[in-house]
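I need the structure of the sequence given here:
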Amino acid sequence: MKRIKVVVPVSSDMWNDSVKELMGEYKNDDTLIDVVNITKGPESLECTYDEVLAEMFTLLEAEKAPEEGFDGVIIYCVSDPALRAAKEKLDIPVVGLGEPSYHLASMLGSSFSVIAVGPPNLVATQ
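Next up is the predicted model:
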């Protein structure tokens, strides 16, 4: 039986049920999915500031996974907070949502965009 730890890098558990349901639709029958949140940090990631606040707590939660008996970690956020640090630190697979999505998008087209929320005073420029 494989165990995957899904770290939702926010301090609110409001998305956990829907995340677990979605993961349940695509997992193998012999895989268990546990969805957890960070203990401190923003309730939602809306901008870079929120991402930076969440990164350390996301990394700390991911670091517990091997000793808790997990076979892999998913950081459930398109911003991939702490993904690179977790990959560097852990000996089990760690994936985010953004990195694989960007790789797939880059193979499907010559360009792509990411549309996200953020503070109203920020305007993206190219």
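
mind jotting down where the helices sit in this protein?
Taking DSSP state H as the test, the helices found in the chain are 16-26, 48-63, 83-89, 98-108.

same list (those helices) but as JSON lines, adding distance to residue 36, mean neighbour count and mean pLDDT.
(Glycine included, C-beta is placed from N, CA and C.) JSON lines is the format used below for the helices of the chain (distance: least, C-beta to C-beta, whole Å; neighbours: other C-beta atoms under 10 Å; pLDDT from 0 to 100):
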{"stretch": "helix 16-26", "distance to residue 36": "8", "mean neighbour count": "12", "mean pLDDT": "95"}
{"stretch": "helix 48-63", "distance to residue 36": "6", "mean neighbour count": "20", "mean pLDDT": "95"}
{"stretch": "helix 83-89", "distance to residue 36": "14", "mean neighbour count": "17", "mean pLDDT": "98"}
{"stretch": "helix 98-108", "distance to residue 36": "19", "mean neighbour count": "12", "mean pLDDT": "93"}
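
nearest to residue 76, out of those?
helix 16-26 (5.8 Å; C-beta to C-beta).

contact partners of the closest one?
4, 6, 8, 33, 35, 37, 74, 76 (C-beta atoms under 8 Å, 6 or more residues apart in numbering).
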